[in-house]
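>>> coordinates only, no sequence provided:
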């Protein structure tokens, strides 16, 4: 069986946030709702869609989406639609 050093190592396209930042990001139930909705389907999610789903303002939804994007969980595409990062 090959050892861990025998497998190729591919560099990440984005650096991971530090542990405390990562825990702060995923500790929000609203952000979990957003990630679950993105995982379960849809081509893309606008801040207004997220706001309607979670019961928060569009402004608050935009802040959550920016935080998730900056952390590498999702990406912003055309028309300000967000989806999970690949």
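Cool, the structure landed. This structure is a prediction, so every number in the text was calculated from the model and none was measured.
>>> the strands in the chain, which residues?
74-76, 82-84 (DSSP state E).
>>> could those go into CSV alongside mean neighbour count and mean pLDDT?
In short, each C-beta sits where N, CA and C put it, glycine included. What follows is the strands of the chain, written out as CSV (neighbours: other Cβ atoms under 10 Å; pLDDT from 0 to 100):
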stretch, mean neighbour count, mean pLDDT
strand 74-76, 17, 92
strand 82-84, 19, 93
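>>> dump those strands into a markdown table; add distance to residue 44 as well.
Formatted as a markdown table, the strands of the chain follow (distance: least, Cβ to Cβ, whole Å):
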| stretch | distance to residue 44 |
| --- | --- |
| strand 74-76 | 9 |
| strand 82-84 | 5 |
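>>> can you tell me which of the ones you listed is nearest to residue 54?
strand 82-84 (13.3 Å; Cβ to Cβ).
>>> for that closest one, packing partners?
Under the contact criterion of 3 or more Cβ pairs under 8 Å, 6 or more residues apart in numbering; DSSP states H and E, strand 82-84 touches helix 29-40, helix 58-70, strand 74-76.
>>> make a markdown table from those and add distance to residue 86 to it.
What follows is the helices and strands packed on strand 82-84, written out as a markdown table (distance: least, Cβ to Cβ, whole Å):
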| stretch | distance to residue 86 |
| --- | --- |
| helix 29-40 | 12 |
| helix 58-70 | 13 |
| strand 74-76 | 8 |
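>>> with respect to residue 21, which of those lies nearest?
Across the helices and strands packed on strand 82-84, closest to residue 21 is helix 58-70 (Cβ to Cβ), at 9.7 Å.
>>> hang on, the earlier thing: nearest to residue 49, out of the strands of the chain?
Here strand 82-84 is closest among the strands of the chain (Cβ to Cβ), at 9.0 Å.
>>> could you count how many residues lie near the residue nearest to residue 31 when sequence neighbours are not counted?
Leaving aside its sequence neighbours, residue 31 sits nearest to residue 64 (Cβ to Cβ, 6 or more residues apart in numbering; 5.5 Å). Using other Cβ atoms under 10 Å, residue 64 has 23 neighbouring residues.
>>> okay then, goodbye and thanks.
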